[in-house]
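[1] Model the following, please.
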Amino acid sequence: MWTEVFTNTLGEESDQKLGEIADRINATLTEDERGVREGREAELDTAIGEYEDLVANAIGPHAARLDMLLKAVAPVAARLRARPLPATASSREASAAATATSDAVSGE
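    Below is the predicted model:
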């Protein structure tokens, strides 16, 4: 059921893009999926970030992280746990609004 809700929330275009990013993630892993291919660590980190940002903007950062951890192989899960939660568009807007309000109150 979660997969159906998740897919419907993302939409077909985003779902296709996630598939492409997942392929890039998988390409950085060793054949047994227990490690990262030598020299591909930065590529993996970039792809994980792109994937998580896309999902987080659709369902929120906490749900995105949980969904990814449930699906991830060990090397990807370890990198996810080491990363801060992504800032979504709505959280960036809320932060900017809070800063603007604070600046207005302090007279800056």
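[2] From here on, just use CA atoms for contacts and neighbour counts.
    Noted.
[3] Can you check the distance spanned by stretch 65-83, start to finish?
    10 Å (Cα to Cα, to the nearest Å).
[4] Give me the buried stretch members for it, please.
    Neighbour-count burial for stretch 65-83, counted by 16 or more other Cα atoms under 10 Å, picks out Arg65, Asp67, Met68, Leu69, Val76, Ala77, Leu80.
[5] Return the distance of stretch 32-46 from the chain's centre.
    Distance of stretch 32-46 from the chain centroid (Cα atoms, centre = their mean, to the nearest Å) equals 16 Å.
[6] coming back round to it: redo the buried residues of stretch 65-83 as TSV? Include secondary structure and distance to Arg37.
    Converted to TSV, the buried residues of stretch 65-83 look like this (DSSP: H, G, I helix; E, B strand; the rest coil; distance: Cα to Cα, whole Å):
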residue	secondary structure	distance to Arg37
Arg65	helix	23
Asp67	helix	24
Met68	helix	20
Leu69	helix	20
Val76	helix	12
Ala77	helix	16
Leu80	helix	17
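[7] could you pull out the helices for this structure?
    Applying DSSP state H to the chain gives helices spanning 2-10, 12-27, 41-59, 61-71, 74-82, 89-106.
[8] on that earlier part again, include distance to Ile25 and pLDDT when you put the buried residues of stretch 65-83 into JSON lines, please.
    Shown next, in JSON lines, are the buried residues of stretch 65-83 (distance: Cα to Cα, whole Å; pLDDT from 0 to 100):
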{"residue": "Arg65", "distance to Ile25": "16", "pLDDT": "94"}
{"residue": "Asp67", "distance to Ile25": "16", "pLDDT": "90"}
{"residue": "Met68", "distance to Ile25": "12", "pLDDT": "93"}
{"residue": "Leu69", "distance to Ile25": "14", "pLDDT": "95"}
{"residue": "Val76", "distance to Ile25": "8", "pLDDT": "97"}
{"residue": "Ala77", "distance to Ile25": "12", "pLDDT": "97"}
{"residue": "Leu80", "distance to Ile25": "12", "pLDDT": "96"}
